[in-house]
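Enquirer: Provided below are the primary sequence and the corresponding predicted coordinates.
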Amino acid sequence: MTSLAYQPSMLDLDDERGARLGPLTGRIRRHELTHGAWVDHLAGWVRGSDAVLRTLLNDVRWRAERRTMYDNDVAVPRLLCWYDGRERLPHPVLTEARNRLTEHYLRELGEPFVTAGLCLYRDGRDSVAWHGDTRGRSSYLDTMVAIVSFGSPRPLLLRPRGGGESRRFLLGHGDLVVMGGSCQRTWEHAVPKTTRPVGPRVSVQFRPVGVA
Ligand SMILES: O=C(O)CCC(=O)C(=O)O
Ligand SMILES: [Fe+2]
């Protein structure tokens, strides 16, 4: 995606030394939602994220998808790439992140994070509509979806399915958000479009096998 000319930020001083992960224990903060759902949030987990973003934009084989909506064939407003857990992830810090997340959550989750779903939001016109990740076991079991975000900050909105107050988490460059408990079944999430001029954002979502 060389067309998405990415300007590294002057602030990302770790760039030359490569990306590193900061600590999780004692840093990540849990936000309890209703109905046994929760969100863990840690800003700036990945340091040196400029190098990661550049690799993701340039090296991932991004696919455009289409879907039928109201009898029309429409483009899904973001690009996608799926890793089923066997192939190597596009940047070593992502492999390390998956390992660290598995280690941190294993007792609570009872299984490892395996798959990685990557989404590229090219600009503010790209988005994901309200949904829960309910294809697979997450439609009836508690589970976790861990998201590491790179590039332009975009808000992740959450709302309870039965109606009620929504929540907003800003997903900035190198930030981590984990949706857990019943979150996929009892809440929905979305990344809305924006008319603000925003650059590309890549979302990396780690999930256990059979959760999508
Ligand atoms: O962009 C994000 O971080 C969220 C993506 C998402 O919810 C999904 O792909 O299921
Ligand atoms: Fe989702």
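Expert: Arrived safely, thanks for sending. Ligands and ions are numbered 1, 2, ... in the order given.
Enquirer: neighbours of the residue of the chain found nearest ligand 1, how many?
Expert: Nearest residue of the chain to ligand 1: residue 203, at 3.3 Å (C-beta to the nearest ligand atom). All C-beta atoms are positioned from the backbone trio N, CA, C, and that covers glycine. Neighbour count for residue 203, taken as other C-beta atoms under 10 Å: 22.
Enquirer: and residue 112, by the same measure?
Expert: Residue 112: 16 neighbours (other C-beta under 10 Å).
Enquirer: which residues does the helix or strand of the chain with the lowest mean pLDDT contact?
Expert: None of the helices or strands of the chain scores lower by mean pLDDT, DSSP states H and E than strand 63-69, at a mean of 88. For strand 63-69, the surrounding residues in contact (C-beta atoms under 8 Å, 6 or more residues apart in numbering) are 73-76, 79-81.
Enquirer: before we move on, what about stretch 174-183?
Expert: With C-beta under 8 Å, 6+ apart, stretch 174-183 has contacts from 24, 28, 33, 35-47, 49, 101, 105, 108-109, 132-133, 142-150, 156, 158, 169, 171, 187, 189.
Enquirer: skipping adjacent residues, who's closest to residue 100 in space?
Expert: Excluding its sequence neighbours, the residue lying closest to residue 100 (C-beta to C-beta, 6 or more residues apart in numbering) is residue 21, at 5.9 Å.
Enquirer: show me the contacts for the one you found.
Expert: Residue 21 sits in contact with 45-47, 93, 96-97, 100, where contact means C-beta under 8 Å, 6+ apart.
Enquirer: what about the residues you listed, which one has the most neighbours?
Expert: residue 46 (27 neighbours).
Enquirer: and the gap between it and residue 31?
Expert: Per C-beta to C-beta, to the nearest Å, residue 46 is found 20 Å from residue 31.
Enquirer: spell out which parts of this structure neighbour ligand 1.
Expert: Residues of the chain lying close to ligand 1 by C-beta under 6 Å from any ligand atom are 117, 119, 128, 133, 147, 156, 171, 189, 191, 203, 205.
Enquirer: check contacts around the spatially most central residue of the chain.
Expert: With distances taken as C-alpha atoms, centre = their mean, the chain has residue 147 as the residue nearest its mean C-alpha position (3.1 Å). By C-beta under 8 Å, 6+ apart, the contact list for residue 147 reads 156, 171, 176-179, 203-206.
Enquirer: which of the residues in the biggest helix by length in the chain are buried?
Expert: Scanning the chain for the longest helix, with DSSP state H as the assignment, gives helix 92-109. With burial defined by 16 or more other C-beta atoms under 10 Å, the residues of helix 92-109 counted as buried are 93-94, 97-98, 100-102, 104-105, 109.
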